[in-house]
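*Asks:* Here is the input, now give the coordinates:
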Amino acid sequence: KPLAPDQQQESAMLKLAAKQHMNTDIRRSIFCILMGSSDCDDAFEKLVRLNLRGKQDREIIRVLVHCCGQEKSYNPFYAFLAIRICQFQSKAKFTLQLSIWDLFKQMNDMKARKAANIGKLCAHLLQENLLSCNVLKPLDMSNLMENE
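*Replies:* From the prediction side, this is the model:
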């Protein structure tokens, strides 16, 4: 018996989630919401309805940053959604900063596309005053002036 279109879409989304190493039910749910939402408002409302408790809500930011890095080109959807989440839940801002710091530590081993997407996300969030320049603290900028 063939699957209904909704079931086919859900099955495809779950396969994609597995391919992206979304290895817990919470991460899979967040991933499917991010990928299946019609816009930032839709995603935000669905994420709030997950009603995550304790440290589970940190996974929203982690999955969001991961997905942003995996896009073929930078998608501002992730920055706008991060802003909405941080306005709703102030502690998400700290999780966002830590997630970006973790990625900065991996920058040398990162594919150029992912590094560009994370850099653009960071720049967008700095421009919107969601993050301060402290987010750049882990970066070694001592050799920037060597080429003069």
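
*Asks:* Please make it C-alpha for all contacts and neighbour counts, starting now.
*Replies:* Fine.

*Asks:* Could you list the low-pLDDT ranges of this protein?
*Replies:* Low-confidence segments of the chain (pLDDT under 70): 1-18, 20, 143-148.

*Asks:* Look at the nearest residue to residue 97 once chain neighbours are set aside and tell me its secondary structure.
*Replies:* Of all residues not flanking residue 97 in the chain, residue 135 sits nearest, at 6.0 Å (C-alpha to C-alpha, 6 or more residues apart in numbering). Under DSSP: H, G, I helix; E, B strand; the rest coil, the three-state class of residue 135 is helix.

*Asks:* give the contact list for residue 135.
*Replies:* By C-alpha atoms under 8 Å, 6 or more residues apart in numbering, the contact set of residue 135 is 97, 100, 101.

*Asks:* can you check residue 139 too?
*Replies:* residue 104.

*Asks:* For residue 94, the count of nearby residues, please.
*Replies:* When neighbours are defined as other C-alpha atoms under 10 Å, residue 94 has 15 of them.

*Asks:* re earlier: neighbour-wise, which of the contacts of residue 135 leads?
*Replies:* Counting by other C-alpha under 10 Å, residue 100 has the largest number of neighbours within these, with 22 neighbours.

*Asks:* Would you map the helices across the chain?
*Replies:* Remark: helices assigned in the chain by DSSP state H are 5-19, 25-36, 40-49, 58-70, 77-88, 92-105, 112-127.

*Asks:* okay, the ones you listed, which one's buried deepest?
*Replies:* helix 58-70 (a mean of 20; mean count of other C-alpha atoms under 10 Å).

*Asks:* and it, what does it pack onto?
*Replies:* Contact analysis of helix 58-70 by 3 or more C-alpha pairs under 8 Å, 6 or more residues apart in numbering; DSSP states H and E lists helix 25-36, helix 77-88, helix 92-105, helix 112-127 as its packing neighbours.
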